[in-house]
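Provide a 3D model corresponding to the input given below.
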Amino acid sequence: MSRRRTSVLRLVVAAAAVSTAAVGTITAPAHADPVAESTLSIRVPHSRIEAGDTTRVLGDLHVRGLTDQGGRTVTLEAKPQGATEFSPVGTSVSGPQGGVALEVAPAVTTRYRWSYAGAEDARPSKSGTARVVIVADQHHGPRIHTSLSIRATHRVVEPDGHAVVRGRLRTHGIGLRNRVVDLLTRTAADPTWQVVGQDLTDQVGAVEFPVTPTSAAAYRLVFEGTAVFHASHSGIVRIGVRPVVTATAAPDWINPGEATTVSGVATLAGAPLAGASVDLLSRPAGHAGPRQVVGSGTTAADGSVAITDTPMVNTVYRLVVRHATGVPHGISPAVRVKVKAPSSLSIRGRHKAAGFLVSGVLRGDHHPVAHALVSLETLAPDGVTWTVVTTTLTNGNGKAMFLEPSSEGASYRLTYAGGTKLAPCTSGTVVS
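Residues are numbered from 1 along each chain as shown. Okay, the predicted model is just below:
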């Protein structure tokens, strides 16, 4: 082997040793909290406009791993023809689905891009570019007529419910695709129409917007038109929100013939619903038949109402707010009132050698009641006051027996105080 080749080999080995040593000294980076990747898209539905006209620059911000993309500020940058760099021209806050939009009116042909500066939980990102071309003024002749329909899947929703507003953009019965349609809404508190959504029509000219109204609201769809197609707007659909109605019953266990009071509070859009007419509906528990109105009332200033009824059997109640102008029909959850089964006590008195034997049988819901506490009472000399002498438990046949010393003219009776499912009762009277 030549001396030159040997020297080269030694240099290669030395370099490898140095590389190995360097690799051995590399320290793994400290663990950092993960930051999600973000992406931005851009599109311009109408990219060719005349000088002085406006167009919309749309985009979508997506942060990986998040379901709610809203509340992030995205900057629109522009590079007019002849410029060398992009410069910011406006900002837009992303919606729940990440959508951003900004209206522009360039004087010359301009390129646009969206820029997101990032956040603690998301990396910065930039979109591609989209160009808006300024064309010479042209006489387009009469623009083509368009029509825009609208409908809602539900005209009334629950307080936390949602509906879908749908529409279709047509010209002479043919759907127009890839056209921007805005969703506008207004309420009694804010009667000015506000844009709350924007979408591109699909291949048949259809758009749809999910909505979650917190109070009664009106909706309409608007197509702003183009150089070729006339602007148009739909009719109006109104979506109401049912009032929230609560209900409680007190007492919820009663004896036959006793009354219970069903009370509740009605609210609409989070505020007390005063002056509303409310019906109390009932039906026997365990029956699927129609409900009957057993009472009515009007809510107070705080939205409260209370209605009393005397059920004869176990009963299910609901409070119902009647439909009125601006107030949809509302119904409370069901509350149940249980009526204790009737009970009865027979009584018999017999003289025995050991004294006077008083006995009786306790029945509840037409059956003997075993192991229930029955009291023996005697009438005081005043002829009015009854006093408990003693108590005992009924046997397996529901019978209770008391042996008292013979006392001529003494009056006795048996009483049962009732239980969780049986009403109290009192027997007749026997005289020694």
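
any idea how far the residue positioned nearest the centre of the chain is from Pro213?
Geometric centre of the chain, nearest residue: Asp160, 2.6 Å, by C-alpha atoms, centre = their mean. Asp160 is 11 Å from Pro213, where distance means C-beta to C-beta, to the nearest Å. Backbone N, C-alpha and C define where each C-beta goes, glycine included.

apart from its neighbours in sequence, what residue is nearest Asn395?
Using C-beta to C-beta, 6 or more residues apart in numbering and skipping residues adjacent in sequence, the residue nearest Asn395 is Ala370, 6.7 Å away.

is it true that Ala105 touches Arg56?
No - the pair Ala105 / Arg56 is not scored as a contact, 10.8 Å apart, by C-beta atoms under 8 Å.

more neighbours, the two?
The residue with more neighbours, out of Ala105 and Arg56, is Arg56; 16 against 11, by other C-beta atoms under 10 Å.

surely Val305 touches Arg322?
No - using C-beta under 8 Å, Val305 is not in contact with Arg322, being 11.8 Å away.

the two: which has the busier surroundings?
Val305 (24 against 13).

which of the helices or strands spans that one?
In this assignment (DSSP states H and E), Val305 forms part of strand 304-309.

centre of the chain to that strand, how far?
26 Å (C-alpha atoms, centre = their mean, to the nearest Å).

do stretch 104-114 as well
For stretch 104-114, the distance to the chain centre is 43 Å (C-alpha atoms, centre = their mean).

residue numbering should commence at 29 henceforth.
Sure thing, new numbering starts at 29, so read that last one as stretch 132-142.

for that stretch, buried residues please.
132, 134, 138-142 (16 or more other C-beta atoms under 10 Å).

stretch 299-311 now?
Buried-residue list, stretch 299-311, by 16+ other C-beta under 10 Å: 301, 304, 306-311.

for the residues you listed, work out which two are farthest apart.
Greatest spatial distance among the buried residues of stretch 299-311 (C-beta to C-beta): Leu301 and Arg311, at 24.8 Å.

the nearest residue to Arg319 once chain neighbours are set aside: which element?
In space, and not counting its chain neighbours, Arg319 is closest to Leu309: 4.0 Å by C-beta to C-beta, 6+ apart. Assigned by DSSP H and E, Leu309 belongs to strand 305-312.

can I get whichever helix or strand comes after that strand in PDB, CA atoms only?
Counting by DSSP H and E, the element after strand 305-312 in chain order, helix or strand, is strand 320-326. Below are the C-alpha coordinates for strand 320-326, written out as PDB (Å, rounded to 0.1, in the frame of the first residue of the first chain):
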ATOM      1  CA  GLN A 320    -107.600  16.600  31.300                       C
ATOM      2  CA  VAL A 321    -107.400  20.200  32.400                       C
ATOM      3  CA  VAL A 322    -108.100  20.300  36.100                       C
ATOM      4  CA  GLY A 323    -107.100  23.800  36.900                       C
ATOM      5  CA  SER A 324    -105.700  27.100  35.400                       C
ATOM      6  CA  GLY A 325    -103.700  30.000  36.600                       C
ATOM      7  CA  THR A 326    -101.600  33.000  35.500                       C
END
